[in-house]
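Novice: Sequence and predicted structure below; questions after.
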Amino acid sequence: MTQFTGRNLVCVRGERRVFAGLDFAVDAGGALVLAGANGSGKSSLLRLMAGLLPPASGTLSWDGAATAADPEAHRARLHYVGHLDAVKPVLTVAENLRFWAGLRPGRRAGNPGDSVGPALETFGIAHLADVPGRFLSAGQKRRLTLARIVTAPAPLWLLDEPTTALDEAATASLEAAIAGHRAGGGMVVVATHTKMAVDGARVLDLSGFAVRSQGAGALDS
């Protein structure tokens, strides 16, 4: 069974140790929910998992092989959704999604447009396909950003506060997409301050790994 793990991870941001001695494991079809107060390192851990930030020490592994040994292969197996919505204002909703789908490994030789319609339908924004990104509301931009994760296969989804600006219907669509992804053997790691229906998810409270230092501020959510 495929497994994504972290062992004895230490994270340092701006000379501040955010967390130390952190372990996690996510199996195929599994989900991990990151909890903890602001500053406990949820966003930093997701960035470590995505290969956007190197751990100060410790190891991230995919099926027992260190992800640092082949970072390009690791990037190809994941979708990362951060706080910011990567929506180009001059492109339409469909063009934005087609652009991002075309960048995914394995999709460049094919037709990314094949997956655009279903992805827009998943998040209830198919009627906005021809609307330029600059006219979208905050919630619509978030739906468009999330639609990226269903346009091309990737076994690992890393989602940082994905329900920001979403209404109940859009949150339900996201929960359904996560459930479908897991049913097919996919993995999900999500950091959230709100309640989400993620059945059987493990919860990792980063507060237990926080490194407190006098005068340190909350640099991470």
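Specialist: Received the coordinates, thanks. As the structure is a computational prediction, the values presented were derived from the model and not from experiment.
Novice: Only C-alpha atoms from now on, for both contacts and neighbour counts.
Specialist: Noted.
Novice: lowest-confidence helix or strand of the chain?
Specialist: Here the helix or strand of the chain ranked lowest by mean pLDDT, DSSP states H and E is helix 113-122, holding a mean of 87.
Novice: got the CA coordinates for that one in PDB?
Specialist: C-alpha atoms of helix 113-122 as PDB (Å, rounded to 0.1, in the frame of the first residue of the first chain):
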ATOM      1  CA  GLY A 113      -9.800  20.900 -22.200                       C
ATOM      2  CA  ASP A 114     -11.400  17.500 -21.800                       C
ATOM      3  CA  SER A 115     -11.300  17.800 -18.000                       C
ATOM      4  CA  VAL A 116     -12.200  21.500 -17.800                       C
ATOM      5  CA  GLY A 117     -16.000  21.200 -18.100                       C
ATOM      6  CA  PRO A 118     -16.400  18.400 -15.500                       C
ATOM      7  CA  ALA A 119     -14.100  20.300 -13.100                       C
ATOM      8  CA  LEU A 120     -16.200  23.500 -13.400                       C
ATOM      9  CA  GLU A 121     -19.400  21.400 -12.900                       C
ATOM     10  CA  THR A 122     -17.900  19.800  -9.800                       C
END
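Novice: Run through who's touching the helix or strand following it.
Specialist: Following helix 113-122 in sequence order, the next helix or strand is helix 138-147 (DSSP states H and E). Helix 138-147 is contacted from outside by 81, 85-87, 93, 97, 119-120, 122-125, 133, 162, 164-167, 170, 174, using CA atoms under 8 Å, 6 or more residues apart in numbering.
Novice: are any of the residues you listed buried, and which?
Specialist: 81, 87, 93, 97, 119-120, 122-125, 133, 162, 164-166, 170, 174 (16 or more other CA atoms under 10 Å).
Novice: you'd agree residue 37 is up against residue 208?
Specialist: No. Applying CA atoms under 8 Å as the test, residue 37 and residue 208 come out as separate, 10.4 Å apart.
Novice: what residues are shared contacts of the two?
Specialist: By CA under 8 Å, 6+ apart, no residue touches both residue 37 and residue 208.
Novice: which residues touch stretch 152-163?
Specialist: 43, 46, 49-50, 76-83, 101, 104, 107, 115, 142, 146, 149, 171, 185-194.
Novice: Which of these fall within helices?
Specialist: Among these, the ones falling in helices (DSSP state H) are 43, 46, 49, 50, 76, 101, 115, 142, 146, 171.
Novice: Would you write a ChimeraX line that selects the buried entries of the contacts of stretch 152-163?
Specialist: Here is the ChimeraX command that picks out the buried ones among the contacts of stretch 152-163, judged by 16+ other CA under 10 Å:
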select :43,46,49,50,78,79,80,81,82,101,104,115,142,146,149,171,186,187,188,189,190,191,192,193
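Novice: Can you show me the strands along the protein?
Specialist: 3-13, 16-27, 31-35, 57-62, 65-66, 78-81, 156-160, 187-191, 202-205 (DSSP state E).
Novice: Can you tell me which of these is nearest to residue 137?
Specialist: strand 78-81 (18.0 Å; CA to CA).
Novice: Paired strands for that closest one, with orientation please.
Specialist: strand 156-160 (parallel) (DSSP bridges).
Novice: ok and the strand it pairs with relative to strand 3-13, angle-wise?
Specialist: Orientation of strand 156-160 against strand 3-13 (axes from the mean of the first three to the mean of the last three CA atoms, to 10 degrees) gives an angle of 30 degrees.
Novice: any weak-confidence spans in this structure?
Specialist: 105-113, 212-221 (pLDDT under 70).
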